[in-house]
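Chemist: Sequence and predicted structure, then a few things I'm wondering about:
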Amino acid sequence: MSILYGQTKNRIKFLNEEIRKTVFNHIIDNANQKKINIVQIGGYSDHVHCLVSLSSQQSVSQVAQLLKGESSNWINNNKLTSKPFGWQDEYSVFSVHSCNLKELREYIQNQTLHHIKKTFEQELNEFYMENDIHL
């Protein structure tokens, strides 16, 4: 199981509550068509989290490219945002142990509550520091 984090281009806050719901539903539908198993999806105005179960034929980079590329095209074709939408080229992926699934699902589901307290960038930097990850 992996958790995939993607941010909007230049961290523009494109994803208001209404757009998030529409985009996340579309990402799930698109993933199902491509046989990508999204266990949980959530996010905030400038990012998305996907908890994904990959098959042996799928790579993280392939799944990230399929989800990000198709969803940005779909958002732009459907004119969901007033300016051209895009995801940042970079993304983060972490493998997770199955014993943490309940907590991760709750974390992803409750992004709005998490980001009342701190930004995604602050949270990610804390995660990197706590886990001794140096970029």
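Modeler: It's in. Numbers count the residues shown, from 1 in each chain.

Chemist: Where does Leu124 sit: helix, strand or coil?
Modeler: Three-state call for Leu124 (DSSP: H, G, I helix; E, B strand; the rest coil): helix.

Chemist: check contacts around it.
Modeler: Going by CB atoms under 8 Å, 6 or more residues apart in numbering, Leu124 touches Tyr5, Ser92. The way it works is simple: take the backbone N, C-alpha and C, and place the C-beta from them, glycine included.

Chemist: For Ile75, which non-adjacent residue is spatially closest?
Modeler: Spatial nearest neighbour of Ile75, excluding adjacent residues (CB to CB, 6 or more residues apart in numbering): Phe85 at 4.4 Å.

Chemist: How about Gln58?
Modeler: Ile36 (6.9 Å).

Chemist: Give the full set of residues in contact with that neighbour.
Modeler: Counted by CB under 8 Å, 6+ apart, Ile36 has contacts Val52, Leu54, Gln58, Val63, Leu66, Leu67.

Chemist: Sitting in helices, which of these do you find?
Modeler: Val63, Leu66, Leu67 (DSSP state H).

Chemist: Could you report the neighbour count for the closest residue to the second one other than its chain neighbours?
Modeler: What that stands for is Leu66. Leaving aside its sequence neighbours, Leu66 sits nearest to Lys34 (CB to CB, 6+ apart; 5.7 Å). By other CB atoms under 10 Å, 13 other residues sit near Lys34.

Chemist: So for Lys34, what's the pLDDT?
Modeler: On pLDDT, Lys34 comes in at 95.

Chemist: Ramachandran coordinates for it?
Modeler: Main-chain torsions, Lys34, degrees, to the nearest 10: phi -100, psi 10.

Chemist: With Ser72 as the reference, measure out to it.
Modeler: 15 Å (CB to CB, to the nearest Å).

Chemist: Could you report the neighbour count for the closest residue to Asn37 other than its chain neighbours?
Modeler: Residue nearest to Asn37 in three dimensions, not counting chain neighbours: Ser53, with 4.3 Å by CB to CB, 6+ apart. Ser53 has 13 neighbouring residues, counting by other CB under 10 Å.

Chemist: distance of Phe127 from Ile75?
Modeler: For Phe127 relative to Ile75 (CB to CB), the value is 27 Å.

Chemist: Cool, thanks, signing off.
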